[in-house]
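K.L.:
got a sequence here, can you model it:
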Amino acid sequence: MQAQIKYLKQRILIFNVNWLGDVLFSTATIRNVRRNYPDSYIACVIPSRCYPILKGNPHLDEVIIFDENDRHKSILAKLNFVSLLRNKKFDTVFLLHRSFSRALICRLAGIGKRIGHNTKKRSFLLTQRITLPKKDSLHRIDFYLNVIEKAGLRVEDRYLDFIFTPEEKKYVHDFLSRNIVNKDDFVVVLNPGGNWTLKRWPNDYWAQLADKLISAMSAKVIITGSISDLPLANQIKERMKEKPLVACGVFNIKHLGALARRADLFITADTGPMHIANAVGAKKIIAIFGPTAKEITGPYPDTNVVILQKDTGCLIPCYKVNCQDNRCMKAVVPDDVLVEVRKTRKL
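P.N.:
Here you go, the predicted structure:
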């Protein structure tokens, strides 16, 4: 009966998670939901800061913003959001987020089928309870796919979707032209930021690497990040002898995707931009891992990716937020990265 129902036209909601990288991971789930419901209306709820990840996604009919800690912080705002969902008359919701409040919102909105990972606090709010996988047993892509697969949907693949427009590509092209980055230049993008300090590579290492890329390989080095990463980029630049191009705050997330596609090499830690670069088909990615596990948050597919990570005796993944020495990140040194760069350049 379930196999027959799932192909009927429905109004389907996907209540997504709150983090850029994880929303990108969820695009595999979104695409597979669309394959199972090719003629249905499919919407997705995300916070506004994650909107660029799904903007232009061809598998969605609508993206709905829910900012629990901002515009929807008050009880009245949440009730208004419930009313909005109720008026849209969704038949089914896939709850990728494990929170109690999101399940309650969907129940109050009158969504008849509420499917999500089962947790003790919200079990009674779900109409189909999916057994929660053992912690760190699945890659994050598969963690979200697990919800729909165990609900009876067909899962055919697990790659990511990230769309940028010709206009966004042109914006990057024009920026590079203004800064005398030519078509035949060896363009290396460095992404030193990250939302978790312990996943960041030391500033001195970035500076040493960038200097050698410029002096020994004639690379055009571009340091990227949001406007909040500008102090970090300037700290790296101050430690350098050569002159990189600092582009923090110049590009939005879509532009970053276009830049990663244009670059010859993208060097990064385990961050959302790493997955964006991989999703758009970056030519080569070198990813520096420390406290995180590639089996859980690593890039997929990994055919164009080199992951550098060393065994320092710590349990990986490590969630020791008060770590004092960050030795796992320090263990990978600039020369380790340069070895891989030379392979790319065949030097």
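K.L.:
what about this structure, any weak spots by pLDDT?
P.N.:
Under the criterion pLDDT under 70, the flagged ranges of the chain are 1-8, 346-347.
K.L.:
mind redoing it with 90?
P.N.:
For the chain, applying pLDDT under 90 flags the ranges 1-9, 19-21, 69-70, 119-121, 135-136, 194-199, 300-303, 313-326, 343-347.
K.L.:
where along it do the strands fall?
P.N.:
11-15, 41-46, 62-65, 92-95, 113-117, 128-130, 187-191, 220-223, 245-246, 265-269, 285-288, 305-308 (DSSP state E).
K.L.:
which other helices and strands contact the third one?
P.N.:
Right, strand 62-65. The helices and strands touching strand 62-65, judged by 3 or more CB pairs under 8 Å, 6 or more residues apart in numbering; DSSP states H and E, are strand 41-46, helix 51-54. Where you see a C-beta, it was placed from the backbone N, CA and C, and this is true even at glycine.
K.L.:
closest to residue 199 out of the ones you listed?
P.N.:
helix 51-54 (19.2 Å; CB to CB).
K.L.:
can you tell me the closest non-neighbouring residue to residue 291?
P.N.:
residue 318 (4.1 Å; CB to CB, 6 or more residues apart in numbering).
K.L.:
quick check: that neighbour vs residue 292, distance?
P.N.:
Distance from residue 318 to residue 292, counting by CB to CB, to the nearest Å: 8 Å.
K.L.:
who's more crowded, those two?
P.N.:
residue 292 (22 against 15; other CB atoms under 10 Å).
K.L.:
next, the contact list for that one, please.
P.N.:
Contacts for residue 292 (CB atoms under 8 Å, 6 or more residues apart in numbering) come out as 199, 270, 316-318.
K.L.:
now do 7 Å
P.N.:
199, 270, 317 (CB atoms under 7 Å, 6 or more residues apart in numbering).
K.L.:
what's near enough to touch the first one?
P.N.:
Neighbouring residues of residue 199 by CB under 7 Å, 6+ apart: 269-271, 290-292.
K.L.:
let me have those residues in CSV, extended by distance to residue 310.
P.N.:
Formatted as CSV, those follow (distance: CB to CB, whole Å):
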residue, distance to residue 310
269, 14
270, 14
271, 19
290, 9
291, 12
292, 13
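K.L.:
now for these, which pair is the farthest apart?
P.N.:
So, those by CB to CB: farthest apart are 271 and 291, at 12.8 Å.
K.L.:
what separates the closest residue to residue 345 other than its chain neighbours from residue 69, distance-wise?
P.N.:
Excluding the flanking residues, the one nearest residue 345 by CB to CB, 6+ apart is residue 217, at 6.2 Å. As judged by CB to CB, residue 217 and residue 69 stand 44 Å apart.
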